[in-house]
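K.L.:
okay, sequence plus prediction incoming.
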Amino acid sequence: MNSAIRTVEAGDIVVYPLIQHIGAPAKAVVAVGDRVLKGQMIAKESAFVSSPIFSSVSGTVKALEKRPSANGIKIDCIVISNDHLDEAVEGFGVERSLGELSYSEIAKRVAKSGCVGLGGAGFPTSVKLTPKNIPEIDTLIINGAECEPYLTSDYRIMLERGDEIVKGIEAGLRLLPNAKAVIGIEDNKPEAIKIMSEKVAGKDRISVVPLKTKYPQGGERQLIYAVTGRKINSKMLPADKGCIVVNIASCFAIYEAIYKGMPLVHRVMTVTGEGVNSPCNLDVPIGISHAEVLEAAGGAKDGVVKFISGGPMMGTAISHLDTPVVKTSSSILAFIKDDVAAVQETACIRCGRCAGVCPQLLVPQMLARSVKNYDFERFETLGGPECMECGSCTYVCPAKIPLTQYFKFGKAKLRKIAAEKKAKEGA
């Protein structure tokens with residue numbers, strides 16, 4: 001999409017789920033009836049891997065209650081009645097300099113901003129940027145691949161906010177003294193490659209690397225291999241191989257945290273698909289409903305049968321448009337035709353197409369059989385945990401077997417088995 005990012009204002013009611021990131025849920029620090037300001041912390045982190053949540057509006061806490069999330073599961077939420085006065089906490093949006101900020105001061109500002117991975121995973125950024133082996137980190141990879149079809153929000157951010165992104169990267173490099181930053185961008189985005197290359201010209205520690213356009217190039221493991229040639233598996237962290245990966249939008253959020261005193265209270269979303277009247281990229285306050293975002297894009301056309309949050313390959317069908325936008329909400333896709341529901345699963349014909357497209361070199365048909373047989377030990381032996389849930393196998397399967405869904409189930413069962421074993425050993 002060639003149109004510039006447009007800003008959307010919040011409506012009368014804003015909802016903040018306490019689970020918006022990988023790790024432990026945030027813990028509410030406000031009560032019903034409290035008046036809050038824009039940029040005020042309303043929920044604090046509850047563990048090392050957790051992240052605080054901030055109000056994107058000023059107003060009054062209306063309720064602390066369970067509400068459905070995009071996948072339909074009810075989770076604890078803070079509900080705020082927007083007074084539309086837009087009163088912010090002191091220092092919110094005030095320009096400041098990176099100057100001589102110490103390591104601890106930069107790390108603290110990133111941690112207290114609530115910044116997480118905005119590419120979809122939602123891992124707390126401060127935890128990523130402060131690994132135990134900081135001296136061994138030599139490569140900070142900035143993920144500008146955005147390889148999912150339809151999504152263009154990161155692309156627009158690179159076109160319009162390049163200077164701010166570079167400042168965010170430089171702040172991250174202050175935490176990683178032995179690292180150089182590499183911005184990886186797929187070669188189907190020549191304008192973004194051109195602009196970002198101009199922005200980093202003359203900067204010894206930042207470079208741009210064009211990447212082959214292929215799915216899932218933006219996956220963390222694939223991106224690390226494409227940029228460095230290093231391989232990691234499910235039992236490793238990128239830091240174990242001297243790498244850290246940060247999404248391009250997260251770099252902009254780091255910039256706002258360091259240079260403008262702004263916690264993460266908004267994000268850019270793509271709204272598109274054949275069912276959208278005016279496809280666009282919108283900068284939206286966190287906490288507003290998907291319905292409000294869709295309305296800002298001109299609403300949906302008649303005949304829409306499915307809405308998806310995220311990309312068409314790895315996204316989740318939205319159970320109801322009244323669900324709130326969270327930190328990891330990258331898009332709304334609207335489809336007139338549901339290619340998934342329109343077909344019926346048939347028997348596997350052992351064609352091998354699934355194995356041919358698996359980026360992890362797995363054999364999906366064998367993994368699926370082990371899950372169907374509830375043989376999770378074999379599922380693990382066959383490499384099930386290495387599945388990155390990209391959906392490629394499901395997409396090419398002529399029998400229309402929901403392979404990815406089987407693997408999600410199998411991995412969840414393995415996590416449950418491991419947790420039960422740990423609890424038993426602890427007892």
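P.N.:
Yes, it's here.

K.L.:
mind listing the helices for the protein?
P.N.:
103-112, 125-129, 153-160, 162-174, 190-199, 220-228, 248-259, 290-296, 353-357, 364-372, 376-381, 392-396, 403-426 (DSSP state H).

K.L.:
just give the number of residues close to Glu292.
P.N.:
21 (other Cβ atoms under 10 Å). C-betas here are computed from N, CA, C, even on glycine.

K.L.:
can I get the helices of the chain in JSON lines including distance to Leu118?
P.N.:
Shown next, in JSON lines, are those (distance: least, Cβ to Cβ, whole Å):
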{"stretch": "helix 103-112", "distance to Leu118": "13"}
{"stretch": "helix 125-129", "distance to Leu118": "9"}
{"stretch": "helix 153-160", "distance to Leu118": "9"}
{"stretch": "helix 162-174", "distance to Leu118": "12"}
{"stretch": "helix 190-199", "distance to Leu118": "16"}
{"stretch": "helix 220-228", "distance to Leu118": "14"}
{"stretch": "helix 248-259", "distance to Leu118": "4"}
{"stretch": "helix 290-296", "distance to Leu118": "15"}
{"stretch": "helix 353-357", "distance to Leu118": "27"}
{"stretch": "helix 364-372", "distance to Leu118": "29"}
{"stretch": "helix 376-381", "distance to Leu118": "31"}
{"stretch": "helix 392-396", "distance to Leu118": "23"}
{"stretch": "helix 403-426", "distance to Leu118": "22"}
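
K.L.:
turn those helices into a markdown table, including mean pLDDT and distance to Leu37.
P.N.:
Compiled in a markdown table, these are given as follows (pLDDT from 0 to 100; distance: least, Cβ to Cβ, whole Å):
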| stretch | mean pLDDT | distance to Leu37 |
| --- | --- | --- |
| helix 103-112 | 91 | 16 |
| helix 125-129 | 93 | 23 |
| helix 153-160 | 97 | 26 |
| helix 162-174 | 96 | 24 |
| helix 190-199 | 98 | 33 |
| helix 220-228 | 95 | 36 |
| helix 248-259 | 96 | 17 |
| helix 290-296 | 97 | 21 |
| helix 353-357 | 96 | 50 |
| helix 364-372 | 96 | 49 |
| helix 376-381 | 96 | 49 |
| helix 392-396 | 93 | 45 |
| helix 403-426 | 90 | 39 |
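
K.L.:
nearest to Leu85, of these?
P.N.:
For Leu85, the closest of the helices of the chain is helix 290-296, at 18.9 Å, according to Cβ to Cβ.

K.L.:
chain center to that closest one, what's the gap?
P.N.:
Distance, stretch centre to chain centre, for helix 290-296: 19 Å (Cα atoms, centre = their mean, to the nearest Å).

K.L.:
what packs against it?
P.N.:
Contact here means 3 or more Cβ pairs under 8 Å, 6 or more residues apart in numbering; DSSP states H and E; on that basis helix 290-296 packs against strand 266-272, strand 280-285, strand 306-309, strand 331-335.

K.L.:
so which residues make contact with it?
P.N.:
Helix 290-296 has contacts (Cβ atoms under 8 Å, 6 or more residues apart in numbering) with 6, 8, 10-11, 70, 269, 271, 276, 282, 284, 300, 307, 309, 318, 321-325, 329, 332, 334.

K.L.:
helices and strands of the chain: which one has the lowest mean pLDDT?
P.N.:
Ranking every helix and strand in the chain by mean pLDDT, DSSP states H and E puts strand 316-317 at the bottom, with a mean of 88.

K.L.:
list the helices and strands that strand packs on?
P.N.:
With contacts defined as 3+ Cβ pairs under 8 Å, 6+ apart, the packing partners of strand 316-317 are strand 306-309.

K.L.:
alpha carbons only: can I get the strand it packs on in PDB?
P.N.:
The C-alpha trace of strand 306-309 is given here as PDB (Å, rounded to 0.1, in the frame of the first residue of the first chain):
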ATOM      1  CA  LYS A 306     -13.600 -14.300   8.000                       C
ATOM      2  CA  PHE A 307     -11.500 -11.800   9.900                       C
ATOM      3  CA  ILE A 308      -7.900 -12.600  10.800                       C
ATOM      4  CA  SER A 309      -5.600 -11.000  13.300                       C
END
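
K.L.:
appreciated, that's everything.
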